[in-house]
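# what follows is a protein structure lacking sequence information:
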């Protein structure tokens, strides 16, 4: 858990030091000669990520992030923005959000106690609503907070949603100095990413559950 919280902090203030695989524009980099491309553009203005997901990529100026050491997020984007440190925005798809409950309300309540825990940001929930996200039951959380001792503040939008018996999340966090101004544009790109996100194949757990059903277990 401690390592997980450290990773979460890195995704915020120190996001620039994450492993950045794709450079500006979410480009289609390759992992090594002869291996599949990380992202392949489609004729619909979307990209396919490792043959697993399809989504709307952010515009030029955003970098693709992947944790190559088995971290807790599948993929993310980072943009270093104009202004004093820490002016940047990150967003990501996370298949292991904080907590273990399969009930959205309980998961959201626990999630809020751990999110950005190590950053020193005193977060407050500004809005919480139940909704349908791409046809799935979901909860949307809007949060803001400050850390005066580090002269920084953060604004986040989090979607927790159910997929089968599991809960997944999309997370966007914007960092600014205390006297900085938040920008809506990065959150708009995040919403496009979220609304366009599609699964192209079943994951290990879904295949495992299918096998159990076939076996009558």
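Sure thing, it's come through. These numbers were taken from a predicted model, which means no experiment stands behind them.
# helices and strands of the chain: which one has the lowest mean pLDDT?
Across the helices and strands of the chain, mean pLDDT, DSSP states H and E gives its lowest value to helix 2-10, namely a mean of 42.
# what stretches of the chain score poorly on pLDDT?
1-36, 67-72, 204-215, 217 (pLDDT under 70).
# please identify the helix or strand for the residue most central in space within it.
For the chain, the residue nearest the mean C-alpha position is residue 92 (1.9 Å; Cα atoms, centre = their mean). In this structure, residue 92 sits in strand 88-94 according to DSSP states H and E.
# who does that strand pair up with?
Next to strand 88-94 in the sheet, as set by DSSP bridges, lie strand 75-80 (antiparallel), strand 166-177 (antiparallel).
# now do it: distance to the chain's middle.
Strand 88-94 sits 4 Å away from the centroid of its parent chain (Cα atoms, centre = their mean, to the nearest Å).
# so who does residue 183 touch?
81, 89, 174 (Cβ atoms under 8 Å, 6 or more residues apart in numbering). For glycine as for every other residue, the C-beta is placed from the backbone atoms N, C-alpha and C.
# what subset of these is buried?
81, 89, 174 (16 or more other Cβ atoms under 10 Å).
# and residue 112, its phi and psi?
Dihedral angles of residue 112 (phi, psi; degrees, to the nearest 10) stand at phi -70, psi -20.
# surely it and residue 125 touch.
Yes. Using Cβ atoms under 8 Å, residue 112 makes contact with residue 125 at a distance of 6.4 Å.
# higher neighbour count, those two?
residue 112 (18 against 14; other Cβ atoms under 10 Å).
# all helices for this protein, in order.
With helices called from DSSP state H, the chain shows them at 2-10, 104-114, 185-196, 204-214.
# which elements pack onto the second one?
With contacts defined as 3 or more Cβ pairs under 8 Å, 6 or more residues apart in numbering; DSSP states H and E, the secondary structure elements packing on helix 104-114 are strand 122-133, strand 136-147, strand 152-163, strand 166-177.
# just give me how far that helix sits from the chain centre.
On Cα atoms, centre = their mean, the centre of helix 104-114 falls 16 Å from the chain's centre.
# contacts for the strand holding residue 92 next, please.
11-12, 15-16, 53, 65, 72-81, 168-175, 183, 186-187, 189-190, 193, 197.
# can you check what angle separates it from strand 152-163?
Inter-element angle recorded for strand 88-94 and strand 152-163: 20 degrees (by axes from the mean of the first three to the mean of the last three Cα atoms, to 10 degrees).
# quick one: strand 88-94 to helix 185-196, angle?
Using the same axes, to 10 degrees: strand 88-94 against helix 185-196 is 10 degrees.
# next up, the contacts around residue 189.
58, 59, 62, 77, 91.
# may I ask which of those residues has the most neighbours?
Busiest of those [other Cβ under 10 Å] is residue 91, holding 27 neighbours.
# just give the number of residues close to the closest residue to it other than its chain neighbours.
Leaving aside its sequence neighbours, residue 91 sits nearest to residue 172 (Cβ to Cβ, 6 or more residues apart in numbering; 3.8 Å). Here the count is done by other Cβ under 10 Å, and residue 172 has 22 residues near it.
# thank you kindly, that will do.
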